[in-house]
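>>> Quick one: sequence and predicted model below, then my questions.
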Amino acid sequence: MDDFWVFGYGSLMWRPGFAHVETCKARLYGYRRALCIRSHVHRGTPDRPGLVLGLDRGGSCLGLAFRVPGELEGEVVGYLRKRELVTNVYLERRVGIRLASGASVTALTYVVDRSHGQYAGSLDIDHAVRQVHASVGQSGPNVEYVRNTVEHLKALDIRDHWLETVAARLEMAAGSL
């Protein structure tokens, strides 16, 4: 069996949870990292949904690619489906990515299902800040999720200016309370 690739753009980058033999930066074209999914459990409630990351159409996304031994494909795909498809807000896709080396490979990833009720759409920064600021779920405040995500991305030397702006405005809002 041939090895295969998995593309991570959020928590999968710093907490993959599956065996792999190589990790490198990679870019996915045609999708962008976005706070576009309403969280009703982990970072919000049905009355005050939080926002979590998804891959939405447009632009490009710098993330990490993980090369997985082919003999582990069933195990790893099963794990990822259990982790990512809990509410079926994500669609499993095989997409073309460009590795940091310049090589093009196909990778498994999860993109947002725009027809799902949890899809929040393309939000402006002010709307995202208000929604994140007001939301707390079983896994804690939505503000912590955004802050933690930005810190991990910076540690990996991956910049996401839109998300960094949301995080900075959340910090300013916290300072004014």
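On my side now, so go ahead. Numbers count the residues shown, from 1 in each chain.
>>> Is Gly54 in contact with Thr109, as I believe?
No - using C-beta atoms under 8 Å, Gly54 makes no contact with Thr109, being 10.7 Å away. In short, each C-beta sits where N, CA and C put it, glycine included.
>>> ranges for the strands of this structure?
Secondary structure of the chain (DSSP state E): strands at 4-8, 22-39, 50-68, 90-99, 104-112, 136-137, 140-141.
>>> If you count neighbours, what's buried in the longest one?
Read it as strand 50-68. 50-56, 61-68 (16 or more other C-beta atoms under 10 Å).
>>> tally of neighbours for Tyr110?
Using other C-beta atoms under 10 Å, Tyr110 has 23 neighbouring residues.
>>> Could you measure from it over to Leu51?
In this view, Tyr110 and Leu51 are 16 Å apart by C-beta to C-beta, to the nearest Å.
>>> thinking again about what came up before, distance to Glu84 and mean pLDDT added to the strands of the chain, as TSV?
Listed next are the strands of the chain as TSV, based on distance: least, C-beta to C-beta, whole Å; pLDDT from 0 to 100:
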stretch	distance to Glu84	mean pLDDT
strand 4-8	10	98
strand 22-39	11	97
strand 50-68	10	97
strand 90-99	5	98
strand 104-112	5	98
strand 136-137	17	96
strand 140-141	20	96
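>>> Now distance to Ala168 too, for those strands, in TSV please.
Shown next, in TSV, are these (distance: least, C-beta to C-beta, whole Å):
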stretch	distance to Ala168
strand 4-8	24
strand 22-39	14
strand 50-68	16
strand 90-99	28
strand 104-112	24
strand 136-137	20
strand 140-141	17
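>>> Which one of those lies nearest to Ile125?
strand 22-39 (9.8 Å; C-beta to C-beta).
>>> Packing partners of that closest one?
Under the contact criterion of 3 or more C-beta pairs under 8 Å, 6 or more residues apart in numbering; DSSP states H and E, strand 22-39 touches strand 4-8, strand 50-68, strand 90-99, strand 104-112, helix 161-175.
>>> Next, the angle from the longest one to strand 4-8.
Interaxial angle, strand 50-68 versus strand 4-8 (axes from the mean of the first three to the mean of the last three C-alpha atoms, to 10 degrees): 160 degrees.
>>> Now do the same contact list for Glu22.
If you count contacts by C-beta atoms under 8 Å, 6 or more residues apart in numbering, Glu22 has them with Phe66, Arg67.
>>> no, scratch that, I was asking about His133
Counted by C-beta under 8 Å, 6+ apart, His133 has contacts Asn142, Val143, Leu170, Ala173.
>>> which of these count as buried?
Asn142, Val143, Leu170.
>>> Let me know the closest of these to Gly117.
For these, the closest approach to Gly117 (C-beta to C-beta) belongs to Asn142, at 18.3 Å.
>>> isn't the closest one right up against Gly50?
Yes - here Asn142 reaches Gly50: they are 3.5 Å apart, a contact under C-beta under 8 Å.
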